[in-house]
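[1] Below are the sequence and a predicted model; questions follow.
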Amino acid sequence: MHRSMSKNIQSRFLSHQMETQVVTKRVIMDPCDVFISYRCLDTKTTVAAPIYDHLRRLDIYRVSPFLGQQDYEAGGILECKIGLAVMSRRYCESYFCLHELALLMECRKKVIPIFVDIKPSQLRLITNKKWTLQDHHRFKFAVEEAKNTVGLTFNSSQGNITGIVTSATDIIIESMTELEHEEAQMQHSYLPIS
């Protein structure tokens, strides 16, 4: 009897300690504001990383971007406010890119597409036998939504990376401001009247 009571106390202590660590970790690791979806081989160094770096340097606006492998944390898409889809010619060949895009759309996040060396009408979903039928439908819906969303275009042969970084950043900051304003209005409308 004494032994089971000791184990029970030990179990409660360890459980409490683990809960404290999880809560502490959540507090320290702020959720990202902007999730950047990109195909690594095509656009990481040319478009995605410069936008990420520029957003990180904007101390005034306190924008927290998320760039896949560089600072990966599960749940980045669920926690973000805005999705930035850097879409290249081969973006639709990547299961991971399409999964990220579909999840952004399903979570009703504001998605800002950047079409790199491709027109929106040229994006085509390939048939991949490894994907389930459900995945194929999700991906097709997400790609169609992105194609019909007003976004930015970047032609790498013209090489104006500064222009696309500035334009993307301006749109992100404007969108963040709008979202914060909407959140403030929602909170204000739910305040109890005394």
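    Looks like it arrived, so ask away.

[2] Tally up the residues packed near Val143, please.
    Neighbours of Val143 under the rule other Cβ atoms under 10 Å: 23. Glycine gets a C-beta too; all of them are placed from N, C-alpha and C.

[3] where does it land in three-state SS?
    helix (DSSP: H, G, I helix; E, B strand; the rest coil).

[4] what bits of the protein have low per-residue confidence?
    For the chain, applying pLDDT under 70 flags the ranges 1-31, 59-62, 68-74, 190-194.

[5] Just give me the residue right at the centre of it.
    Nearest to the mean C-alpha position of the chain, counting by Cα atoms, centre = their mean, stands Phe35 at 2.2 Å.

[6] Walk me through which strands whichever strand or helix holds that residue pairs with, and which way each runs.
    Following DSSP states H and E, one finds Phe35 within strand 34-38. The sheet places strand 34-38 alongside strand 65-66 (parallel), strand 82-87 (parallel), with pairing taken from DSSP bridges.

[7] who's in contact with it?
    Strand 34-38 has contacts (Cβ atoms under 8 Å, 6 or more residues apart in numbering) with 44, 47-48, 51-52, 55, 63-68, 76-77, 80-86, 88, 91, 97, 100-101, 104, 109, 172.

[8] Include distance to Val150 and mean neighbour count when you put the strands paired with strand 34-38 into TSV, please.
    Listed next are those as TSV, based on distance: least, Cβ to Cβ, whole Å; neighbours: other Cβ atoms under 10 Å:
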stretch	distance to Val150	mean neighbour count
strand 65-66	21	24
strand 82-87	13	26
